[in-house]
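[1] build me a model:
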Amino acid sequence: MTDIKKLQDLVVAFRDERDWKQFHNPKDLAVSLSLEAAEVLEHFQWKNAVEMKAHVESHRAELGEELSDVLFWVLLMANDLEIDITDAFVKKLQKNGQKYPVEKAKGKHTKYTEL
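    Below is the predicted model:
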């Protein structure tokens, strides 16, 4: 069993122990994921590079909690939609490797359509 699968099992057990599956449909899971991702983004709003660096150093634990909330919803949504998230991730990384070959993309932030 992969570490991701172990985490996914923990998330599902947490949800199921509370009988919350009845409230979870794909739309609401996606909304929850988006809201938690926005909470990550909120940490960086209106900060310049120096302020962001200082904020990360002084709020690392809080950022970890927000990222964990995002991961919670990703894992739960993948479970409920019967998506093998490890397999999907590896395939997507390979696809991105084709879109962004090292020889064209290294050191650039250009979108793949502009390489």
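
[2] ok, residues contacting the biggest helix by length in the chain?
    Using DSSP state H, we find that the single longest helix of the chain is helix 60-80. The contact list for helix 60-80 (CB atoms under 8 Å, 6 or more residues apart in numbering) reads 4, 7-8, 11-12, 15, 21, 24, 26, 29-30, 32-33, 36-37, 39-40, 43, 56, 83-85, 88. Glycine gets a C-beta too; all of them are placed from N, C-alpha and C.

[3] which stretches of this structure have low pLDDT?
    Counting by pLDDT under 70, the chain contains low-confidence residues at 1.

[4] quick one: furthest residue from the center of it?
    residue 103 (27.4 Å; CA atoms, centre = their mean).

[5] in the helix or strand that residue falls within, what's buried?
    In this structure, residue 103 sits in helix 102-105 according to DSSP states H and E. For helix 102-105, the buried set under the neighbour-count rule, 16 or more other CB atoms under 10 Å, comprises residue 105.

[6] tell me which residues of stretch 83-91 come out buried.
    residue 85.

[7] what do you get for stretch 22-40?
    By 16+ other CB under 10 Å, the buried positions in stretch 22-40 come out as 24, 29, 32-33, 36-37.

[8] quick one: the helices in the chain, in order.
    3-17, 26-42, 49-58, 60-80, 85-99, 102-105.

[9] turn the ones you listed into JSON lines, including distance to residue 112.
    JSON lines is the format used below for the helices of the chain (distance: least, CB to CB, whole Å):
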{"stretch": "helix 3-17", "distance to residue 112": "26"}
{"stretch": "helix 26-42", "distance to residue 112": "22"}
{"stretch": "helix 49-58", "distance to residue 112": "26"}
{"stretch": "helix 60-80", "distance to residue 112": "23"}
{"stretch": "helix 85-99", "distance to residue 112": "4"}
{"stretch": "helix 102-105", "distance to residue 112": "7"}
